[in-house]
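K.L.:
Quick one: sequence plus predicted model below, questions after.
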Amino acid sequence: MTLAELTKAIQQHIDLEMDAEVAQGMAEHALGFFGFYNRIIDNALEPTDRNLFYMFQDYDLLTTESEETTLWDGREWRIHYWKFKPDLRERVEAYMQRNLEPEDIDPYADIYGGSNALSPIGTIWTKRIRKSGQSKCIHV
């Protein structure tokens with residue numbers, strides 16, 4: 001997972017309006033724990049960092065896994081790990097590939113006739129003149 005990919009994932013999952021610098025700071029912080037590994041041991045986290053990881057888990061970015069091992073004295077020991085969701089990279093790539101068409105917004109639409117400003121019918125620039133029972137539109 002790269003910094004750019006995780007930054008985009010954070011923005012997409014947590015808040016689309018999030019400032020890129022804030023998302024990048026969160027991504028750098030999380031990636032600082034993982035280094036070149038795909039998982040980290042939970043014991044390495046401070047409580048505030050663990051809270052961030054729980055938040056990422058709530059937003060479907062991270063998941064946990066556990067394994068049990070037997071210690072030399074016969075006791076069972078459970079180890080908890082954090083790792084990125086397996087499909088996160090594919091989802092981020094889909095976000096980045098998504099081609100959002102810019103929406104043409106006419107800032108004057110409500111002045112010149114609402115959402116259908118290109119249609120002459122119903123705009124303030126249209127007059128109806130009735131002549132001999134027929135209606136006729138004249139644009140002024």
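P.N.:
Structure received.

K.L.:
which residues in this structure form helices?
P.N.:
For the chain, applying DSSP state H gives helices covering 3-14, 20-34, 47-58, 88-97.

K.L.:
Gly74: which of the ones you listed is closest?
P.N.:
Proximity to Gly74 (C-beta to C-beta) singles out helix 47-58 among these, at 29.5 Å. Glycine gets a C-beta too; all of them are placed from N, C-alpha and C.

K.L.:
what residues go with each domain of this protein?
P.N.:
Structurally, the chain divides into domains by automatic domain parsing as follows: 3-97, 103-140.

K.L.:
As JSON lines, the helices of the chain with mean pLDDT, mean neighbour count and distance to Tyr81 would be great.
P.N.:
As requested, the helices of the chain are exported to JSON lines (pLDDT from 0 to 100; neighbours: other C-beta atoms under 10 Å; distance: least, C-beta to C-beta, whole Å):
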{"stretch": "helix 3-14", "mean pLDDT": "86", "mean neighbour count": "19", "distance to Tyr81": "18"}
{"stretch": "helix 20-34", "mean pLDDT": "89", "mean neighbour count": "15", "distance to Tyr81": "11"}
{"stretch": "helix 47-58", "mean pLDDT": "91", "mean neighbour count": "13", "distance to Tyr81": "11"}
{"stretch": "helix 88-97", "mean pLDDT": "77", "mean neighbour count": "14", "distance to Tyr81": "16"}
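
K.L.:
Can I get these in CSV including distance to Ile79?
P.N.:
Rendered in CSV, the data for those read as follows (distance: least, C-beta to C-beta, whole Å):
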stretch, distance to Ile79
helix 3-14, 24
helix 20-34, 16
helix 47-58, 15
helix 88-97, 22
